[in-house]
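> Provided below are the primary sequence and the corresponding predicted coordinates.
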Amino acid sequence: MFSNVPEGAPVLTAAAMRAAEERAIAAGSSVTELMERAGTGVAEWVHRLAAGSEVLILCGPGNNGGDGYGAARVLAQRGVPVRVAALGEPKTEAAAAARAAWGGAVEALTDDTQCAPVLVDAVFGTGVSRPVEQLVALTIGALASYARLAIAVDLPSGANTDTGGDFGRFELADFDVTLALGALKPAHVLHPSSQHCGTIRVVDIGLELERIEAPRDNVSLVETVAAPWTARPTAWSHKYSRGMVAVVSGSMHGASELAARAAYRAGAGYVLLLTGGLPTPPHAIVRQRWSAEALDDKRIGAVVIGPGLGRDDRAQEKLEAALASERPLVIDGDALHLLDLAVLKDRAAPVVLTPHAGEFDALFGAGKESKIERAQDAARRSNAVVVFKGADTVIAAPDGRANVAAMGNPWLSVAGTGDVLAGAIATMLANRRWDPLGAASDGVWLHGQAAHMLDRCFLADELADALPLAYERAR
């Protein structure tokens, strides 16, 4: 585990959460019971982490505040010193009942509220749809910064559940731990809100998410990226059975060399670099002059095109030849700027597109939707798996499925790391061409794990060479 969120966990929008809760209620649970489970689950974590210190719980007027009152009651019953400060009276029946059950004193939440070693923010959760008032936001931020341990219930107050934004007025407070109620939300995995959540843990409130079926319950099939089940060589393995990757070079040979090196380091058995450049180490990479006919080799499991390709007529010819081939493709870098999306509509072999934010906007246009929604829309429009890169990378398939990798390492912001990712994805695709979404997600995981192991100040070459170590940490 190197991410701050659980791996392979479902990610639900606010609407999907409401649908899941309604399903639980229809199955026999009540809102009060769901709130009781949430409050008890929060109390379990706070009790474990507070280590006997005084706890200040901030409660809002909605059901998130009700969860806070429930947690306060359970903590007090366990002998933990608890104070409660509320932002007004409860506005829901369940929250009012939870406050009555708390039975202790309730302070007014103001800028004069006294600090405590442990802060629990239960002011606003998934229901918030507008900016938090300035004084409230500043007060929560000040209390969180003073606390030795700051814990958010479901979300940091003021986070936009579905987009990961903060409504553009006041920066969210920073928390050490966020306790996601029932399931992860987009705000837990998308920037900027994910950067304020700290370590995220999911509190089970009995929603039985495995029974939820899209689209009946309006639940998008979104999960966090998980460690891959990597194929290990057997006694019967040979270089072609382990996957053959071809990399198309262009005017900047170094980028395609990086992609080829990464393909080998990610486990490929044979890497062919189609280039006009001179041979350089490692000599295990087979170098051959470019020709469209070279892509006719049916042993090729995936082709990488784009790293260092250039954007001239020669580059366009190479891209058209790759698109006309029957080989699975990973299209990156320069090739994304030359690509006509209409060509992908009827292509039978899988295609993985790997744009960063600027390339994504150039290819698909800018948008105000969440990064997950934009990636899903791009995948449908292109009939390709889209890897929308960044500190929060979203991998989306044309059928609506999406995976989110929230383990971004800021030290990846160095030239060549995208070329390494393209090569790693190509190896996964060569071995899993029947599942391009899984292949792309596996490549993203290995890439992120390698960066995590290097930690800081590394070259893209070193990132490629760290892929085998990352591979060993896969399942």
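Everything's here; your move.

> how many residues are close by L87?
Residues within reach of L87, counting by other CB atoms under 10 Å, total 22. Heads up, the C-betas are built off the backbone N, CA and C, glycines and all.

> i'd like the first residue to be 34 from this point on
Understood, numbering begins at 34; the last thing we discussed is L120.

> you'd agree it is up against G98?
Yes: using CB atoms under 8 Å, L120 is in contact with G98, at 7.4 Å.

> any residues in contact with both of the two?
C92, V156 (CB atoms under 8 Å, 6 or more residues apart in numbering).

> tally up the residues packed near G456, please.
33.

> repeat for A141
For A141, using other CB under 10 Å, the count is 10.

> isn't it right up against A118?
Yes: counting by CB under 8 Å, A141 does reach A118; the two are 6.8 Å apart.

> is the residue nearest to L176 when sequence neighbours are not counted in a helix, a strand, or coil?
Closest residue to L176 apart from its sequence neighbours, by CB to CB, 6 or more residues apart in numbering: L152 at 5.2 Å. Look at L152: counting by DSSP: H, G, I helix; E, B strand; the rest coil, its state is strand.

> again with L328
Strictly by three-state DSSP, L328 counts as helix.

> again, but for G191
coil.

> ditto for E256
strand.

> pull the number of nearby residues for it.
Counted with other CB under 10 Å, E256 comes out at 19.

> next: A317.
10.

> how about A170?
20.

> from what I see, it and G191 are in contact.
Yes: the pair A170 and G191 qualifies as a contact (CB under 8 Å) at a distance of 6.0 Å.

> buried ones in the lowest-mean-pLDDT helix or strand in the chain?
Sorting the helices and strands of the chain by mean pLDDT, DSSP states H and E puts helix 500-505 at the bottom, at a mean of 88. Judged by neighbour count (16 or more other CB atoms under 10 Å), helix 500-505 contains these buried residues: L500, A503, Y504.

> quick check: bridge partners of the residue nearest to L176?
L89, A183 (DSSP bridges).

> is it in contact with G174, as I believe?
No: assessed by CB under 8 Å, L152 is found out of contact with G174, at 10.5 Å.

> more crowded one of the two?
L152 (25 against 21).

> mind checking how far the more buried one is from P164?
21 Å (CB to CB, to the nearest Å).

> can you list the buried residues of helix 500-505 in CSV and add distance to G334?
Output for these, formatted as CSV (distance: CB to CB, whole Å):
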residue, distance to G334
L500, 17
A503, 20
Y504, 17
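
> of all the residues you listed, which comes closest to V281?
Proximity of those to V281 (CB to CB) peaks at L500, which lies at 20.7 Å.

> surely that closest one meets A295?
Yes: using CB under 8 Å, L500 is in contact with A295, at 6.3 Å.

> which residues are in contact with each of those two?
V453, A457.

> quick check, pLDDT for A368.
pLDDT for A368: 98.

> for it, which non-adjacent residue is closest in space?
G339 (3.4 Å).

> residues shared between the contacts of L152 and G174?
By CB under 8 Å, 6+ apart, no residue touches both L152 and G174.

> related to what we said a few turns ago, contacts only, for the residue nearest to A368.
Contacts of G339 (CB under 8 Å, 6+ apart): V363, I364, D365, G366, D367, A368, L369, T387, A455.

> could you pull up phi and psi at the residue lying closest to D329 once chain neighbours are set aside?
Nearest residue to D329, sequence neighbours excluded (CB to CB, 6+ apart): S358, at 7.1 Å. When read as degrees, to the nearest 10, the backbone of S358 gives phi -70, psi 170.

> surely S358 meets A327?
No: S358 lies out of contact with A327 (CB under 8 Å); the separation is 9.5 Å.

> have a look at the two and say which one is more surrounded.
S358 (21 against 17).

> how close does P189 sit to S403?
17 Å.

> out of those two, which sits in the busier spot?
P189 (30 against 20).

> the residue nearest to that one when sequence neighbours are not counted: what secondary structure?
For P189, ignoring the flanking residues on the chain, the nearest one in space by CB to CB, 6+ apart is L205 at 4.5 Å. Under three-state DSSP, L205 falls in the coil class.

> so what's the residue count around L205?
That count, for L205 with other CB under 10 Å as the rule, works out to 27.

> that one and P164: what is the separation?
With CB to CB as the criterion, L205 and P164 are 11 Å apart.

> poorly predicted segments of the protein, please.
34-36, 201-203, 243-253, 309-312, 440, 508 (pLDDT under 70).

> how is it carved up into domains?
Following automatic domain parsing, one gets these domains for the chain: 47-252, 277-505.

> got TSV for these, with distance to N37 too?
Formatted as TSV, the domains of the chain follow (distance: least, CB to CB, whole Å):
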stretch	distance to N37
domain 47-252	5
domain 277-505	7
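
> so which of these comes closest to T263?
When the domains of the chain are compared by CB to CB, domain 277-505 sits nearest T263, at 5.9 Å.

> first to last residue in that closest one, what's the distance?
Domain 277-505 has an end-to-end distance of 21 Å (CA to CA, to the nearest Å).

> ok, now stretch 143-160?
22 Å.

> give me the distance from it to the chain's centre.
Centre-to-centre, stretch 143-160 and its host chain are 27 Å apart (CA atoms, centre = their mean, to the nearest Å).

> next one: stretch 316-335
33 Å.

> tell me the buried residues in it?
I318, R320, W323, A327, L328, I333, G334, A335.

> from these, pick the one nearest S86.
A335 (53.7 Å).

> list the contacts of whichever strand or helix holds A497.
A497 belongs to helix 493-498 when assigned by DSSP states H and E. Residues outside helix 493-498 that contact it (CB under 8 Å, 6+ apart) are 291, 294-295, 298, 445, 447-450, 452-453, 456, 480, 483-484, 487.

> mark which of those are buried, thanks.
291, 294-295, 298, 445, 449-450, 452-453, 456, 480, 483-484, 487.

> filter the residues you listed down to the ones in helices?
Within the buried ones among the contacts of helix 493-498, residues falling in helices by DSSP state H are L291, R294, A295, R298, T450, D452, V453, G456, H480, A483, A484, L487.

> which ones are touching the third one?
For A295, the contacting residues are D452, V453, L454, A455, G456, A457, T460, L496, A497, L500, by CB under 8 Å, 6+ apart.

> and if you look at the first one?
By CB under 8 Å, 6+ apart, the residues touching L291 are P340, G449, D452, V453, G456, A493, D494, A497.

> cool, the second one as well?
Taking CB under 8 Å, 6+ apart, we find R294 in contact with P315, I318, V453, G456, D494, A497, D498.

> I'd like the distance from the second one to A455, if you could.
Which is I318. Taking CB to CB, one finds I318 at 15 Å from A455.
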